[in-house]
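> Build the 3D model from these lines:
(chains A and B)
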Protein chains: 2
Amino acid sequence: MTRPLAVGLAGLGTVGAGTLELLRKNAELIAARAGRAVTVTAVAARDRTRDRGLSIEGLRWYDDATALANDPAVDVVVEAIGGSEGTARATVEAALAAGKPVVTANKALLAVHGAALARTAEAKRVPLAFEAAVAGGIPVIKALREGLAANRFTQVTGILNGTCNYILSTMRDRGREFTEALGEAQKLGYAEADPSFDVDGIDAAHKLAILAALAFGRPVDFSAVHVEGIRNVSALDIKLAEDLGYRIKLLGMARWTEAGIETRVHPCMVPADYPLARVDGVFNAVVAEGDFVGRVVLEGRGAGAGPTASAVVADLIDIARERHTPVWGAGLADLSPVPSIPMENRAGAYYLRLMVVDRPGVIADVTAALRDAGISLESMLQRGRAPGEAVPVVLTTHDSTERNIRAAIRRIESLDTVVEAPALIRIETF
Amino acid sequence: MTRPLAVGLAGLGTVGAGTLELLRKNAELIAARAGRAVTVTAVAARDRTRDRGLSIEGLRWYDDATALANDPAVDVVVEAIGGSEGTARATVEAALAAGKPVVTANKALLAVHGAALARTAEAKRVPLAFEAAVAGGIPVIKALREGLAANRFTQVTGILNGTCNYILSTMRDRGREFTEALGEAQKLGYAEADPSFDVDGIDAAHKLAILAALAFGRPVDFSAVHVEGIRNVSALDIKLAEDLGYRIKLLGMARWTEAGIETRVHPCMVPADYPLARVDGVFNAVVAEGDFVGRVVLEGRGAGAGPTASAVVADLIDIARERHTPVWGAGLADLSPVPSIPMENRAGAYYLRLMVVDRPGVIADVTAALRDAGISLESMLQRGRAPGEAVPVVLTTHDSTERNIRAAIRRIESLDTVVEAPALIRIETF
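All right, here's what the predicted structure looks like:
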């Protein structure tokens, strides 16, 4: 038998500790599937004395993760530190520069520096693997890069952030407002103390940028992703969406069009029978559409120690078996900088909810603003009557463009009968 | 750039022609992802003159597929002939013996001769790839063998036959009986003129045997699979299942238990909110449960030229990139012959529908038979009243064993008030 694959583990938080535990617990099974033992021999973390519920006896300890990356007895480095800069980035760069394969769960790093890292990996001919970076335990990177690689993709859409999905599910199931649902998610450990990375859509956008690069064979471009989070989604809109036959989900969408690639993350209304509509709680799911395969849906746990470790170790098994795939699915020379489409060009239907003072002429003003922007209505409903008070008015439009709807909203906002910022949610059909 | 990978294509039916079309249509994209061109250079089929809507100009033609396998200018053989014996088997054996990688969509061949073929492939150190053999375009083989390879699986369950799923969906949606729904499926090309391979569950059992071998690391054992098809499912039972909160699906299930592995294919009642309950029409889906990843669901098109070609070409791209995986996920020395559990030991709830003459004492006789077999009832419902006539009686049981329920049914069948063979459907909860 070949000698064990010696793993250097940088970071002993949730991902690092989970990986160590999995490699130990399923050691025999992993050795059989990997063709050799896969063993952590060195670790790096900030605090050696902290109790992690795991024995680190017999492992070489590094306070400095870049020193671990340069340990000649380490064959492959698992980066489980996190963040697009600082130690995580330095560790990955050091390992690649030393000609060592890297496995990482770090979506921020890949989304922001993935192009440069791929150049180093390609020059050094070593794999940079990141199954755990997107959708946790769901093998979606492998599906796009390998399992569905014969296809020209038309779109990839996903529920990519379990925190947001949990919050939206709770808001719907229990009629909670965002702030309450966030509090519950925090209590259960599904949301961080500072939740902005998740609830503002940034985490989902990192993942979407990665998926778009893989699906469309272009250099990863996080800056092209239009990002909106879920802070402005209200319980009322979730309820109204239901009445209209929709669910509100935070989706990441990458779509091919004649004019270029759309990449966007924002709350969407999706038909209740669309596969992603019924993915609830902390689950993640990705729908990929390919020209030959049609629609493929992958669903599972998108976060947590177990699923993330499952993905990290799958990458280690690939490395042990010497199954190598270029970082972005094809060699860098074969990627092409397909242009991105600005959000203003988004075309589709819209849901618009206004709070207006219930008095004659209001609806006429609103509908005139829409007409002047070239937007035609599909439905309009005033909910309840309360003369002189604020009542909700719900409108859905036929296909329009983002540019036009924004123009209409600017005018609607300026009406003195409109008493709060209009709620705008894009309706997505697939 | 490396020279093209020369593919010899044995069989020009749906799968073969689809593969040829895909390799041509997406040639540039495939070359980028494979790192070299992947080109069909030789084909074998029975009738050279048949119009397949595809040009075969410039391709070397073989009437004999084994001769194609031995063509020294062929790097890899795609077997798209089908069937567990005859030419398909001879072609695969010839290619492996000649030290050539093989890609096949042939589940029957893998399920029946997969152990012997793996020995040859391992001895010759060549890949034998078969993504297309299970669940068409869904990359489920890759998920089990690679993407989820760090996990100890507890169960793998799937809707593995699109014909049966289409028929059951049609029966439900339109209240059709089996024979009518089969006729419609045949008209639409979803069922063959002789549908027995599909509707009797054999095709699903071939696929399940493959999944079980991969998930549990044991030699493939088709003979251990308990197989029942859908011919006896009635529109009435589908309707009654709905009323009870279930859907009837033909599932393939492979489950790990302390005593051994269960592998079975039969109609099941599954809770309406289980992921597989809502997979309708010709779609396939697989649920895999692993100890670290939890539940992963993969869904997509399980048959047809496009999805199958997508899977075949994915395997070709792996071969072009030299990404090799042992046939059964681990080397043969690392597989262990985990025992199978006989169907008599199946434990779970049951649905039983009887047609009984509506007269006093009938229910007492039936319930006595169940009691004497040690079976306790969860619910019992007589539908309608028609003194002296046959009426349906529906029973659901608490957990029991197959052995006991069969004993009870033997006695119930012998009652002269029971006028047709009882309908028995196993209730599966996950």
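> Show me what the residue nearest to A:T367 when sequence neighbours are not counted is bridged to.
Using Cβ to Cβ, 6 or more residues apart in numbering or on different chains and skipping the chain neighbours, the partner closest in space to A:T367 is A:L377 (7.0 Å). Yep, even glycine has a C-beta here, placed from its N, CA and C like the rest. Partner residues in beta bridges with A:L377, using DSSP bridges, are A:T397.
> surely A:L377 meets A:A368?
No. Here A:L377 does not reach A:A368: they are 11.7 Å apart, not a contact under Cβ atoms under 8 Å.
> what residue of chain A is the furthest out?
Distance from the C-alpha centroid of chain A peaks at A:P360, with 45.0 Å (Cα atoms, centre = their mean).
> and that one, what does it touch?
Going by Cβ atoms under 8 Å, 6 or more residues apart in numbering or on different chains, A:P360 touches no other residue.
> The one 3 residues further on now?
With contacts taken as Cβ under 8 Å, 6+ apart, A:I363 has the following neighbours: A:356, A:380, A:382, A:393.
> let's see it at 10 Å
A:354, A:356, A:380, A:382, A:393, A:395, A:417 (Cβ atoms under 10 Å, 6 or more residues apart in numbering or on different chains).
> Equivalent analysis for A:G374, please.
Contacts for A:G374 (Cβ under 10 Å, 6+ apart) come out as A:400-401, A:403-405, A:407-408.
> which of these count as buried?
Neighbour counting by 16 or more other Cβ atoms under 10 Å in any protein chain shown classes A:400-401, A:404-405, A:407-408 among the contacts of A:G374 as buried.
> from what I can see A:P392 touches A:L240, true?
Yes. Counting by Cβ atoms under 10 Å, A:P392 touches A:L240, with 7.7 Å between them.
> Distance of A:G306 relative to chain B?
According to Cβ to the nearest Cβ, to the nearest Å, A:G306 and chain B sit 4 Å apart.
> Narrow the contacts of A:G374 to those in helices?
A:403-405, A:407-408 (DSSP state H).
> Closest to chain B out of those residues?
Nearest to chain B among these is A:R403, at 32.3 Å by Cβ to the nearest Cβ.
> Between the two ends of stretch A:166-184, what distance do you get?
Separation of the first and last residues of stretch A:166-184 by Cα to Cα, to the nearest Å is 10 Å.
> Does chain B have contacts with that stretch?
No. For stretch A:166-184, no contact with chain B is found by Cβ under 10 Å from any Cβ of the partner chain; the gap never falls below 13.4 Å.
> hmm, who's touching that stretch?
Contacting residues not belonging to stretch A:166-184 are listed as A:159, A:161-164, A:185-186, A:188, A:190-191, A:195, A:198-199, A:229-239, A:241-242, A:247-250, A:267, A:279-283, A:303 [Cβ under 10 Å, 6+ apart].
> out of A:P392 and A:L240, which sits in the busier spot?
More crowded of A:P392 and A:L240, by other Cβ atoms under 10 Å in any protein chain shown: A:L240, with 22 against 16.
> Among the contacts of stretch A:166-184, which ones lie close to chain B?
A:279, A:283.
> measure A:L236 to A:A6 for me?
Look at A:L236 and A:A6: by Cβ to Cβ, to the nearest Å, they are 56 Å apart.
> what does A:V220 give?
With distances taken as Cβ to Cβ, A:V220 is found 30 Å from A:A6.
> So for the two, which residue has more residues nearby?
The neighbour count for A:V220 versus A:A6, taken as other Cβ under 10 Å, is higher for A:V220 (25 against 17).
> sec struct for the more buried one, please.
coil (DSSP: H, G, I helix; E, B strand; the rest coil).
> From what I see, it and A:V112 are in contact.
Yes. Using Cβ under 10 Å as the test, A:V220 is close enough to A:V112 to be in contact (8.4 Å).
> what residues are shared contacts of those two?
Residues touching both A:V220 and A:V112 by Cβ under 10 Å, 6+ apart: A:206, A:209.
> hang on, A:G252 in a helix?
No. Using three-state DSSP, the assignment for A:G252 is strand, not a helix.
> count of residues packed around it?
A:G252: 30 surrounding residues under other Cβ under 10 Å.
> What sits closest to it if chain neighbours are left out?
Nearest in space to A:G252, with sequence neighbours left out and distances taken as Cβ to Cβ, 6+ apart, is A:L208 at 3.4 Å.
> Just list the residues touching A:D237, thanks.
Residues counted as contacts of A:D237 (Cβ under 10 Å, 6+ apart) are A:171, A:246, A:248, A:267, A:269, A:351, A:353, A:392, A:394, A:423-425.
> Let's see the pLDDT reported for it.
Model confidence at A:D237, given as pLDDT, is 96.
> Put the alpha carbons of the one helix or strand it maps to into CSV.
If you go by DSSP states H and E, A:D237 is part of helix A:235-243. Provided in CSV are the C-alpha atoms of helix A:235-243 (Å, rounded to 0.1, in the frame of the first residue of the first chain):
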residue,chain,number,x,y,z
ALA,A,235,-44.0,39.1,7.0
LEU,A,236,-46.8,40.9,5.0
ASP,A,237,-45.0,40.3,1.7
ILE,A,238,-44.4,36.7,2.5
LYS,A,239,-48.1,36.3,3.2
LEU,A,240,-49.1,38.2,0.1
ALA,A,241,-46.7,36.0,-2.0
GLU,A,242,-48.5,32.9,-0.7
ASP,A,243,-51.8,34.3,-1.7
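> Just the residues contacting the lowest-mean-pLDDT helix or strand in chain A, thanks.
Taking mean pLDDT, DSSP states H and E as the measure, chain A has strand A:377-382 as its least confident helix or strand, at a mean of 91. Residues from elsewhere that reach strand A:377-382 (Cβ under 10 Å, 6+ apart): A:240, A:243-244, A:349-354, A:356, A:358, A:362-363, A:366-367, A:370-371, A:391-400, A:427.
> Now do it: distance to the chain's middle.
Its chain's C-alpha centre and that of strand A:377-382 lie 33 Å apart, by Cα atoms, centre = their mean, to the nearest Å.
> near chain B, from the contacts of A:G374?
Among those, no residue is within reach of chain B (Cβ under 10 Å from any Cβ).
> Tabulate those residues (JSON lines), appending pLDDT.
Below are the contacts of A:G374 laid out as JSON lines (pLDDT from 0 to 100):
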{"residue": "A:S400", "pLDDT": "97"}
{"residue": "A:T401", "pLDDT": "96"}
{"residue": "A:R403", "pLDDT": "97"}
{"residue": "A:N404", "pLDDT": "97"}
{"residue": "A:I405", "pLDDT": "97"}
{"residue": "A:A407", "pLDDT": "96"}
{"residue": "A:A408", "pLDDT": "97"}
